[in-house]
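Asks: Sequence and predicted structure are below.
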Amino acid sequence: MGELPPGQFWGHRFVIYTVNGVPEVDEKSFRFVLSGLVDRELDMGYADLESAADGRLEADFHCVTKWSIRDCVWEGIPFSVLSEKAGVRDKAGFAFARCLDGYTTVIPMENMTDAFLALRLNSEKLSPEQGAPLRLVVPTLYGWKSAKWLAGLEILKEYRDGFWEERGYHERGDFTTEERFKNPLARFIHKKTAPARRK
């Protein structure tokens, strides 16, 4: 679909990384909350998300560990739809993602323009390893920003570190300019902190 970004190679399949393992999720009790600098907080169950999921995003996926996957097709809800519904305020600077496994990450609002809340990947319902029931997809940034098992997005005025950012990863993570690390030693932290690696 797109050109291979600098420092990347084309992979044949996703490598699954977790920080705290794959959480067990009950779809019936699952809630997604959009909060923070909004006029109307959104609190949606899985059935609500499914009924609103009429969007489609086609994009390559780029992991900070240098592998990329071509032509991923995500189905779900464009963030812009939920942003309009919630009334995200003009002072919004960042979206802070919170996940069911305790993972967090932060995304600049300019990168949320094309962001997507995915329930399906390549015509199949998301697997637990791929972030079911809900995954954030940020196609303009490295994959650690595309948070799995998404439970909430808090809209912030000012920047706040997430899990990898506080361990030395770049605040933004633009793959076109190789914004991998703000601390060069962070490239070694990933292997020490995320032992649960599955293929």
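Replies: Sure thing, it's come through. Residues are numbered from 1 along each chain as shown.

Asks: now the helices for the chain?
Replies: If DSSP state H is used as the criterion, the helices of the chain fall at 46-52, 79-86, 109-112, 186-193.

Asks: Including mean neighbour count, mean pLDDT and distance to residue 68, could the ones you listed go into TSV?
Replies: Where you see a C-beta, it was placed from the backbone N, CA and C, and this is true even at glycine. TSV is the format used below for the helices of the chain (neighbours: other C-beta atoms under 10 Å; pLDDT from 0 to 100; distance: least, C-beta to C-beta, whole Å):
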stretch	mean neighbour count	mean pLDDT	distance to residue 68
helix 46-52	16	97	28
helix 79-86	18	98	22
helix 109-112	18	97	18
helix 186-193	13	50	17
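
Asks: got those as TSV, with distance to residue 143 columns?
Replies: Below are the helices of the chain laid out as TSV (distance: least, C-beta to C-beta, whole Å):
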stretch	distance to residue 143
helix 46-52	21
helix 79-86	17
helix 109-112	13
helix 186-193	12
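
Asks: Can I get the longest strand along the chain in PDB, CA atoms only?
Replies: Looking across the chain with DSSP state E, the single longest strand is strand 67-78. Coordinates of each C-alpha in strand 67-78 appear next as PDB, following Å, rounded to 0.1, in the frame of the first residue of the first chain:
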ATOM      1  CA  TRP A  67       9.000  -5.100  11.100                       C
ATOM      2  CA  SER A  68       6.100  -3.900   9.000                       C
ATOM      3  CA  ILE A  69       2.900  -5.600   7.700                       C
ATOM      4  CA  ARG A  70       1.400  -4.600   4.400                       C
ATOM      5  CA  ASP A  71      -2.200  -3.800   3.600                       C
ATOM      6  CA  CYS A  72      -4.000  -4.300   6.900                       C
ATOM      7  CA  VAL A  73      -7.700  -3.800   6.700                       C
ATOM      8  CA  TRP A  74      -9.300  -2.700  10.000                       C
ATOM      9  CA  GLU A  75     -13.100  -2.400  10.500                       C
ATOM     10  CA  GLY A  76     -14.700  -0.400  13.300                       C
ATOM     11  CA  ILE A  77     -15.200   3.300  14.100                       C
ATOM     12  CA  PRO A  78     -13.200   6.300  13.000                       C
END
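
Asks: Contacts only, for the closest residue in space to residue 7 that isn't next to it in sequence.
Replies: Nearest non-adjacent residue to residue 7, counting by C-beta to C-beta, 6 or more residues apart in numbering: residue 178, 5.4 Å away. In this structure, residue 178 makes contact with 5-7, judged by C-beta atoms under 8 Å, 6 or more residues apart in numbering.

Asks: And residue 79, by the same measure?
Replies: 95, 112-113, 115-117, 153.

Asks: Where does pLDDT dip in the protein?
Replies: Across the chain, the ranges flagged by pLDDT under 70 are 1, 185-199.

Asks: redo that, cut-off 90
Replies: For the chain, the stretches flagged by pLDDT under 90 are 1-2, 17-20, 182-199.

Asks: residue closest to the middle of it?
Replies: The residue lying closest to the centre of the chain (C-alpha atoms, centre = their mean) is residue 146, at 1.9 Å.
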